[in-house]
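> Predicted model follows, preceded by the sequence.
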There are 2 protein chains.
Amino acid sequence: MTTQQLYEQIQQKKSFLCVGLDPDLNKMPSHLLQTEDPIFEFNKAIIDATHDVCVAYKPNTAFFEAYGIKGWLSLQKTIQYINEKHPEIFTIADAKRGDIGNTSSMYAKAFFEDLEFDSVTVAPYMGKDSVEPFLAFENKHTIMLGLTSNEGAFDFQTKMLGDKELYKQVLETSKSWKNSHNLMYVVGATKAEYFTEIRKIVTDSFLLVPGIGAQGGSLSEVCKYGMNSQIGLLVNSARAIIYASKETDFAEKARAEALKVQQEMAEIMQK
Amino acid sequence: MTTQQLYEQIQQKKSFLCVGLDPDLNKMPSHLLQTEDPIFEFNKAIIDATHDVCVAYKPNTAFFEAYGIKGWLSLQKTIQYINEKHPEIFTIADAKRGDIGNTSSMYAKAFFEDLEFDSVTVAPYMGKDSVEPFLAFENKHTIMLGLTSNEGAFDFQTKMLGDKELYKQVLETSKSWKNSHNLMYVVGATKAEYFTEIRKIVTDSFLLVPGIGAQGGSLSEVCKYGMNSQIGLLVNSARAIIYASKETDFAEKARAEALKVQQEMAEIMQK
């Protein structure tokens, strides 16, 4: 998918919501646990209930890998379901991968070719040659960690590396990498005031923004400082939507929560 | 496995060699491609041929994930084979994971509980709360990226973060994390002269050292600067051993290469 197609979807749906799929057997409704593949059934129900109010789904690979082969099968079924039923939706493998060149190539193959995701999240610590193998895929997107939404972001990311904070150095440096037009960045919503500075560095890029909802970030603040002329934001919410209810009405409640966010987004887009 | 048990194995075998399992269908002997599970058959042959001269195996998860479900199955069979046949051997899931706390917990569950690896590699960018969930597992080991062996290491890792290089800051800071005694570190062999400084910070920790062999690092240099009183090194070699031959004698040739490294290690340990 191209970023232009993503932008068109955002305009159509008046939404830049990304629904995070973090399926946890301990948190999902008990009636699903009797099915053959509870994780897929859960995701399917969430997708069926929310696909018209969101523009992206972000399965978090950890929540699948934790269940071994069965989990990986559920991941495969989930991405196939999205790609078949809702090919207009942007898919993100939240995998935080990154390794030396030949290894990153294998990860890129895993997520872009085998699983057919539109994008994958990667970590920047190993630098240019750990990220460029992902960037080599045209019309696939590499979403690199910039400033994350957790406490640990202050351990290294916000410390000064030379003349600027590490996360700014990461953003700045990555712009010189080959096929950097395929880059997007993770920027946590819990630090909305940072977006002004970030937009000075990566003006046109899409930012994937976790931290709305369960982690406490504010949507209007993020939009105020982070939006660009093509919206340029994918705001992720996982737990607040997918675990809105643990009863048989979980999909309905998930939709209600997603709709609430979408409506707020539509209002912001109208301004 | 405890580090004491690992040390005892090193003394017995006079080896601190870790064999990297990076199974690539394009590089393995063609006669294996007709088998039902070429990746597992390849690994099994390598393990059968080298288990008495090495102390650790390091499957690189990318090389399994690239083949989807089949690959993940091969990974599961490989780790099960090692754990059943050679329970004394230290196993490393080279996965470079790391995410916010509840996600890292799921990754830890995947590698420590579901797959029963002794250790997993993690990335430090997201800081303390992205690593501590791994450290919570007693007698499991978390091998964090310090200074990697690739060119991209110079993009951020060797840049000054405050008063010291980022990688040193990472090592230093991690010592204050809960259960930091379960930490080991990745330090690339291609930069042997850095080991002196690194040992000042993490004197007692085991270091996992990639970059010997195909990547060009020198074993004797690494040992000269990096060894501690309990050896403290796991030196990884993958391609130079497992792809020593692409013919039916590949396992034999792999053993010969591994033996060469082991003998050099035995000599170094005698000094």
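Great, that's in hand. This structure is a prediction, so every number in the text was calculated from the model and none was measured.

> for A:Leu6, what are its contacts?
A:Val55, A:Ala56, A:Phe90, A:Phe206 (C-beta atoms under 8 Å, 6 or more residues apart in numbering or on different chains). For every residue, glycine as well, the C-beta is placed using N, CA and C.

> Show the contacting residues for the residue lying closest to A:Ala95 once chain neighbours are set aside.
Distances taken as C-beta to C-beta, 6 or more residues apart in numbering or on different chains place A:Thr61 nearest to A:Ala95, at 4.4 Å, with adjacent residues excluded. The neighbours of A:Thr61, taking C-beta under 8 Å, 6+ apart as the test, are A:Leu75, A:Ala93, A:Asp94, A:Ala95.

> Distance of A:Ala95 relative to A:Val170?
Distance, A:Ala95 to A:Val170, by C-beta to C-beta, to the nearest Å: 18 Å.

> element containing the spatially most central residue of chain A, please.
Central residue of chain A (C-alpha atoms, centre = their mean): A:Lys58, 4.9 Å from the mean position. Using DSSP states H and E, A:Lys58 maps to strand A:56-59.

> and A:Ile47, how many neighbours?
21 (other C-beta atoms under 10 Å in any protein chain shown).

> Quick check: the gap between it and A:Asn83.
11 Å.

> Using JSON lines, lay out the contacts of A:Leu6 together with pLDDT and neighbour count.
Converted to JSON lines, these look like this (pLDDT from 0 to 100; neighbours: other C-beta atoms under 10 Å in any protein chain shown):
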{"residue": "A:Val55", "pLDDT": "98", "neighbour count": "27"}
{"residue": "A:Ala56", "pLDDT": "98", "neighbour count": "26"}
{"residue": "A:Phe90", "pLDDT": "98", "neighbour count": "23"}
{"residue": "A:Phe206", "pLDDT": "98", "neighbour count": "25"}
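
> okay, these in CSV with distance to A:Ser229 next?
Shown next, in CSV, are the contacts of A:Leu6 (distance: C-beta to C-beta, whole Å):
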residue, distance to A:Ser229
A:Val55, 17
A:Ala56, 19
A:Phe90, 19
A:Phe206, 12
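
> Out of these, which is nearest to chain B?
Checking the contacts of A:Leu6 against chain B with C-beta to the nearest C-beta, the nearest one is A:Ala56 at 17.8 Å.

> Thought A:Ala93 was touching the closest one, still the case?
No: the criterion here is C-beta atoms under 8 Å, and A:Ala56 misses it with A:Ala93 at 11.4 Å.

> OK, contacts around A:Lys224?
A:Ala192.

> Same check on A:Phe250?
Neighbouring residues of A:Phe250 by C-beta under 8 Å, 6+ apart: A:Met28, A:Pro29, A:Phe42, A:Ala45, A:Ile242, A:Tyr243, A:Ala244.

> next one: whichever strand or helix holds A:Thr91 to chain centre, how far?
Under the criterion of DSSP H and E, A:Thr91 resides in strand A:90-97. Its chain's C-alpha centre and that of strand A:90-97 lie 6 Å apart, by C-alpha atoms, centre = their mean, to the nearest Å.

> can you tell me how far whichever residue of the stretch 151-271 of chain A sits closest to chain B sits from B:Asp163?
Of the residues in the stretch 151-271 of chain A, the one nearest chain B is A:Gly152, at a distance of 2.4 Å by C-beta to the nearest C-beta. Separation of A:Gly152 from B:Asp163 (C-beta to C-beta) stands at 20 Å.

> The two: who's more crowded?
Using other C-beta under 10 Å, the more surrounded residue of A:Gly152 and B:Asp163 is A:Gly152, with 24 against 7.

> The more buried one reaches B:Met126, doesn't it?
Yes: A:Gly152 is in contact with B:Met126 according to C-beta under 8 Å; the separation is 5.0 Å.

> Stretch A:134-145 near chain B anywhere?
Yes: using C-beta under 8 Å from any C-beta of the partner chain, stretch A:134-145 comes into contact with chain B via A:Leu145.

> Centre of the chain to that stretch, how far?
On C-alpha atoms, centre = their mean, the centre of stretch A:134-145 falls 13 Å from that of its chain.

> what about that stretch, average pLDDT?
Averaged across stretch A:134-145, pLDDT comes to 98.

> can you map out the strands along chain A?
Assigned by DSSP state E, chain A shows strands spanning A:17-21, A:56-59, A:90-97, A:119-122, A:141-147, A:160-161, A:164-165, A:183-187, A:207-209, A:233-237.

> Of all the ones you listed, which one comes closest to B:Ser237?
strand A:90-97 (22.8 Å; C-beta to C-beta).

> and the closest one, what does it pack onto?
Here strand A:90-97 touches strand A:17-21, strand A:56-59, helix A:68-85, helix A:101-108, strand A:119-122, going by 3 or more C-beta pairs under 8 Å, 6 or more residues apart in numbering or on different chains; DSSP states H and E.

> Just send those back as JSON lines, with distance to A:Thr142 too.
Formatted as JSON lines, the helices and strands packed on strand A:90-97 follow (distance: least, C-beta to C-beta, whole Å):
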{"stretch": "strand A:17-21", "distance to A:Thr142": "16"}
{"stretch": "strand A:56-59", "distance to A:Thr142": "14"}
{"stretch": "helix A:68-85", "distance to A:Thr142": "17"}
{"stretch": "helix A:101-108", "distance to A:Thr142": "8"}
{"stretch": "strand A:119-122", "distance to A:Thr142": "6"}
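
> Please name whichever of those is nearest to B:Thr103.
Of all the helices and strands packed on strand A:90-97, strand A:17-21 comes closest under C-beta to C-beta, at 10.1 Å.

> do the closest one and chain B meet?
No: on the criterion C-beta under 8 Å from any C-beta, strand A:17-21 is out of touch with chain B, staying 10.1 Å away.

> That strand pairs with which strands, and in what direction?
Using DSSP bridges, strand A:17-21 pairs in its sheet with strand A:56-59 (parallel), strand A:233-237 (parallel).

> Out of the ones you listed, which gets nearest to B:Tyr67?
Closest approach to B:Tyr67 among the strands paired with strand A:17-21 (C-beta to C-beta): strand A:56-59, 18.9 Å.

> what's the angle between the longest helix anywhere in chain A and strand A:233-237?
Ranked by residue count, the top helix of chain A under DSSP state H comes out as helix A:250-270. If you take axes from the mean of the first three to the mean of the last three C-alpha atoms, to 10 degrees, helix A:250-270 sits at 150 degrees to strand A:233-237.

> Am I right that A:Phe111 is in contact with A:Val120?
Yes: applying C-beta under 8 Å, one finds A:Phe111 in contact with A:Val120, separated by 4.3 Å.

> Report the set of residues contacting both of the two.
Contacts common to A:Phe111 and A:Val120, judged by C-beta under 8 Å, 6+ apart, are A:Ala93, A:Ala95, A:Arg97.

> Among those residues, which one has the most neighbours?
A:Arg97 (29 neighbours).

> Specify the beta-bridge partners of that one.
Applying DSSP bridges, one finds that A:Arg97 bridges with A:Val122.

> same thing with A:Val209?
Under the criterion used (DSSP bridges), A:Val209 bridges to A:Val235.

> quick one: contacts for it?
Residues near A:Val209 by C-beta under 8 Å, 6+ apart: A:Val186, A:Val187, A:Gly188, A:Ala189, A:Gly217, A:Val222, A:Gly226, A:Leu233, A:Leu234, A:Val235, A:Asn236.

> and the least confident of these?
Confidence-wise, A:Gly217 trails the rest of these, at 77.

> Would you list the phi and psi of whichever residue of the stretch 1-150 of chain A sits closest to chain B?
Across the stretch 1-150 of chain A, the shortest distance to chain B (C-beta to the nearest C-beta) belongs to A:Gly127, at 2.4 Å. Dihedral pair for A:Gly127: phi 80, psi -170, per degrees, to the nearest 10.

> Relative to B:Pro133, which of the contacts of A:Leu6 is nearest.
A:Ala56 (26.2 Å).

> Beta-bridge partners for the closest one, please?
A:Cys18, A:Phe90.

> check contacts around it.
By C-beta under 8 Å, 6+ apart, the contact list for A:Ala56 reads A:Leu6, A:Leu17, A:Cys18, A:Val19, A:Ile89, A:Phe90, A:Thr91, A:Ile92, A:Leu234, A:Asn236.
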